[in-house]
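In: Here is my input, please return the structure:
(one chain, ligands or ions: 1)
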Amino acid sequence: MTAHETYDAASISVLEGLEAVRKRPGMYIGSVSRKGLNHLIYEIVDNAVDEHLAGYCFRIQVILEKDGSCTVTDDGRGIPVDLHEKGVPAERLVFTTLHAGGKFDNSAYKTSGGLHGVGSSVVNALSLWLDVRISRDGFVYHDYYEKGEPALELDEGFLPKVGKSSRTGTAVRFLPDPEIFERTDFSAAEVKSRLHETAYLNPELILEFEDRRSAGAEKVIFHEPEGLAGFVRDLNQHTEVLHDPVCLKGEAEGIKVDISFQYCTEFRENVLGFCNNIYNSEGGTHLTGFKTTFTAVMNTYARQIGLLKEKDANFTGADIRNGLTAVISIKHPDPRFEGQTKTKLDNQDAAKAVGKVAGEQLVLYFDRNLETLKSVLSCAEKAAKIRRSQERAKTNLLTRQKYSFDTNGKLANCEKKDPAQCEIFIVEGDSAGGSAKTARNRNYQAILPIRGKILNVEKASIDKVLANAEIKTMINAFGCGFSEGYGNDFDIGKLRYDKIVIMADADVDGAHISTLLLTLFYRFMPELITQGHVYIAMPPLYKAMPKKGSEEYLYDDKALEAYRRRHKPGTFTLQRYKGLGEMDAEQLWETTLNPETRRMKQVGIEDARMASDVTEVLMGSEVPPRKAFIYEHAKDAELDV
Ligand code: 1YM
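Out: Below you'll find the model as predicted:
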């Protein structure tokens, strides 16, 4: 068999592989929404980060180009270009074979992040074109693909040389295929946030970001030599802190463990887990390992310094984590994941390793820092006190539950009982609530009108939050309880509605109400958000009524612009909706309730950094950024059908 024939044979199986990626892109990158789109960049960046972890690359550059493509460049060794046994340059196999990375690279450093870490070939398959330039051995080598297929003639099996270079590195530029993705404009905010996170996790790495798409091109450099300590400092930047971030570092069970934590005066815990540089939104064994050890060590100290007497019960883990912000990052040679979204680390040895490193180092730290120890333990003591009064309040709430359900009387429940089919709409204002009750399909849609502005949960104490009638009704209606950092009564399995839809006016007050509700969910029922149950209804801003033809709802100003382009001035009248209350029941049904025609936005928390930004935005006291958050979400509205 000649080299040529071998190559053909190889390329056939290659195409079959990439065809699978194009047929089911979601399986490889999660989704074809904007999130999946941004994921393409992370796949390429992750390869460059792997090269950093191998000890060769120190600078990664990401450019969002004017033509909609993205260029990722690194200064590593350059992807190998020599001929592989199949007679194909190694680079081609990397970009055309699924899972190529692991196959013919036996280096021990290679730690794939899990779920979507299938790499360059997937990006290639989902790109209209992809261009690779590799600087290595004094030359610049070039390769080019269209929809995953090689589109460049090889030179007797070798990649063509297009220049000379004394440096080494890889540059990959690609244009996402609009046939595959719902939209093809990368989100600069999300990409930056992810690069920033990568900088914190890799203190010796410099990441450059440039957005050349608009006139005022933006350039940012992310370099966080402080590493995780900087991450924690940043997460706590808007709160009062009790001490400098503490860093614990070590290796056990062949797993590298890196931890940083810091206490602040806020009544919450924020513990984030990363495995091989990838955020694990559902946590997992590294977090349980840390929490178990942390609780044990702190209880021992509490007894040693006499804060807990012999007869006293231990602090609970949640008591101890009250006010704690922590980031736990491990490097695992063979990570496994479980959970709905495969973002929960499952390796038991990770719990062991983190527990061991944390156990040894915490003692080293607290033995030398008694003041910090005392202030941390006094946080736990406060939390325990509140928890106990809480437990009493909760018993009261539960005994009163039925009562408040009936007397409140505002909830118009649906007839169906199967949660998978039921939806609840939380509607701002009594008049809109009234219309919604008339308009809904009472079979499976429940309506809960709420008055004006509910409490800002971030500012209010837990007791006040629970005393608030509207919040109580809502918690009762959802049926799954709530968690608040110290003591967890939340059970998502008991949720009575598959979709919780926030329905507020498209104005500043409406934005405020949505923000408050999201804050409430985020703090006390985060699984509602992380498991995708929360939506924001997107009522139209206008109704266009042409003299001839049928009426049309316009959901944003862009739609209005488009409508104006299609219809001459004077041929239609325009109604502007200032609030939900202005719509009659039929209009409300059509625009916000009917699953066939309505628009709503699913609320999601993309990753740790986005989440922390969202919390900041949601919790902060300034109003403008909150508005921006809600409006930003409104802009991303997608048809939910
Ligand atoms: C902008 C994207 O992919 N950089 C990159 C990738 C590789 C290497 C260096 C590399 C790896 C190895 C040896 C090795 C990859 N090589 C392969 C394979 N940047 C980007 N930089 N020499 C260079 O793994 O031993 C897969 S990825 F498989 F060809 F070795």
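
In: Residue ranges in the protein under the pLDDT threshold?
Out: Along the chain, the parts satisfying pLDDT under 70 run over 1-16, 99-118, 340-341, 390, 393-409, 452-466, 484-488, 508, 605-641.

In: redo that, cut-off 50
Out: Regions of the chain meeting the criterion pLDDT under 50 cover residues 1-10, 12, 100-117, 400-408, 486, 607-609, 611-612, 617-627, 630-631, 634-641.

In: ok, and the nearest residue in space to Phe222 that is not next to it in sequence, which helix or strand is that part of?
Out: Ranked by Cβ to Cβ, 6 or more residues apart in numbering and with sequence neighbours excluded, the top spatial neighbour of Phe222 is Ala199, at 3.8 Å. (Each C-beta comes from the backbone N, C-alpha and C, glycine too.) Assigned by DSSP states H and E, Ala199 falls within helix 188-201.

In: Ile513 now?
Out: Here Ile513 is assigned to helix 508-524, by DSSP H and E.

In: going on from that helix, what's the next piece of helix or strand?
Out: helix 526-530.

In: where does Ile328 land in three-state SS?
Out: Assigned with DSSP: H, G, I helix; E, B strand; the rest coil, Ile328 falls in the strand class.

In: Buried residues, the helix holding Ile513. List them.
Out: The neighbour-count check on helix 508-524 (16 or more other Cβ atoms under 10 Å) flags 510-524 as buried.

In: As a check, name the ranges of all helices in the stretch 201-350 of the chain.
Out: 228-235, 285-304, 317-320, 348-368 (DSSP state H, counting those that start in this stretch).

In: From the contact counts, what lies against the longest one?
Out: The reference is to helix 348-368. Counting contacts by 3 or more Cβ pairs under 8 Å, 6 or more residues apart in numbering; DSSP states H and E, helix 348-368 packs against strand 246-252, strand 255-263, helix 285-304, strand 324-331.

In: go with 6 Å
Out: Using 3 or more Cβ pairs under 6 Å, 6 or more residues apart in numbering; DSSP states H and E, the elements in contact with helix 348-368 are strand 246-252, strand 255-263, helix 285-304.

In: got the buried residues for it?
Out: Going by neighbour count (16+ other Cβ under 10 Å), the buried part of helix 348-368 is 349-351, 353-359, 361-362, 366.

In: Counting neighbours, what do you get for Ser33?
Out: Using other Cβ atoms under 10 Å, Ser33 is surrounded by 18 other residues.

In: Nearest residue to it in space, ignoring adjacent ones along the chain?
Out: That would be Glu182: by Cβ to Cβ, 6+ apart, it lies 5.5 Å from Ser33.

In: Which helix or strand contains that neighbour?
Out: Judged by DSSP H and E, Glu182 forms part of no helix or strand.

In: one step back: make CSV out of the helices of the stretch 201-350 of the chain and add distance to the ligand.
Out: Formatted as CSV, the helices of the stretch 201-350 of the chain follow (distance: least, Cβ to the nearest ligand atom, whole Å):
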stretch, distance to the ligand
helix 228-235, 24
helix 285-304, 25
helix 317-320, 41
helix 348-368, 24
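
In: and Leu98, which of those is closest to it?
Out: For Leu98, the closest of these is helix 348-368, at 26.6 Å, according to Cβ to Cβ.

In: chain center to the closest one, what's the gap?
Out: For helix 348-368, the gap between its own C-alpha mean and the chain's C-alpha mean amounts to 28 Å (Cα atoms, centre = their mean, to the nearest Å).

In: Need the contact partners of that helix.
Out: By Cβ atoms under 6 Å, 6 or more residues apart in numbering, the surrounding residues in contact with helix 348-368 are 246, 248, 250, 252-253, 255, 257, 285-286, 288-290, 293, 297, 330, 373.

In: Tell me how many other residues surround Glu561.
Out: Per other Cβ under 10 Å, the neighbour tally for Glu561 reads 11.

In: What is the helix or strand hosting it packed up against?
Out: If you go by DSSP H and E, Glu561 is part of helix 557-566. Secondary-structure packing of helix 557-566 (3+ Cβ pairs under 6 Å, 6+ apart): no helix or strand packs against it.

In: Next secondary structure after it?
Out: strand 572-576.

In: What angle do helix 557-566 and that following strand make with each other?
Out: Interaxial angle of strand 572-576 relative to helix 557-566 (axes from the mean of the first three to the mean of the last three Cα atoms, to 10 degrees): 170 degrees.

In: Sheet partners, orientation included, of strand 572-576?
Out: Applying DSSP bridges, strand 572-576 is found paired with strand 542-546 (antiparallel).

In: what comes up buried for the partner strand?
Out: Result for strand 542-546 [16+ other Cβ under 10 Å]: buried residues 542-544.

In: Once you drop chain neighbours, what's closest to Glu269?
Out: Of all residues not flanking Glu269 in the chain, Arg321 sits nearest, at 4.0 Å (Cβ to Cβ, 6+ apart).

In: For Val232, see how far away Val271 is.
Out: The spacing between Val271 and Val232, counted by Cβ to Cβ, to the nearest Å, is 10 Å.

In: Look at these two and report which has more neighbours.
Out: The neighbour comparison of Val271 against Val232 (other Cβ under 10 Å) goes to Val232, with 28 against 18.

In: now the helices and strands packed on helix 348-368 as JSON lines including distance to Pro419 and mean neighbour count?
Out: Formatted as JSON lines, these follow (distance: least, Cβ to Cβ, whole Å; neighbours: other Cβ atoms under 10 Å):
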{"stretch": "strand 246-252", "distance to Pro419": "42", "mean neighbour count": "17"}
{"stretch": "strand 255-263", "distance to Pro419": "37", "mean neighbour count": "23"}
{"stretch": "helix 285-304", "distance to Pro419": "28", "mean neighbour count": "21"}
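
In: can the ones you listed go into TSV with extra columns for distance to Lys410?
Out: Compiled in TSV, the helices and strands packed on helix 348-368 are given as follows (distance: least, Cβ to Cβ, whole Å):
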stretch	distance to Lys410
strand 246-252	48
strand 255-263	40
helix 285-304	39
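
In: between these, which one is nearest to Gln237?
Out: For Gln237, the closest of the helices and strands packed on helix 348-368 is strand 255-263, at 10.9 Å, according to Cβ to Cβ.

In: And the closest one, how far out from the chain middle?
Out: On Cα atoms, centre = their mean, the centre of strand 255-263 falls 21 Å from the chain's centre.
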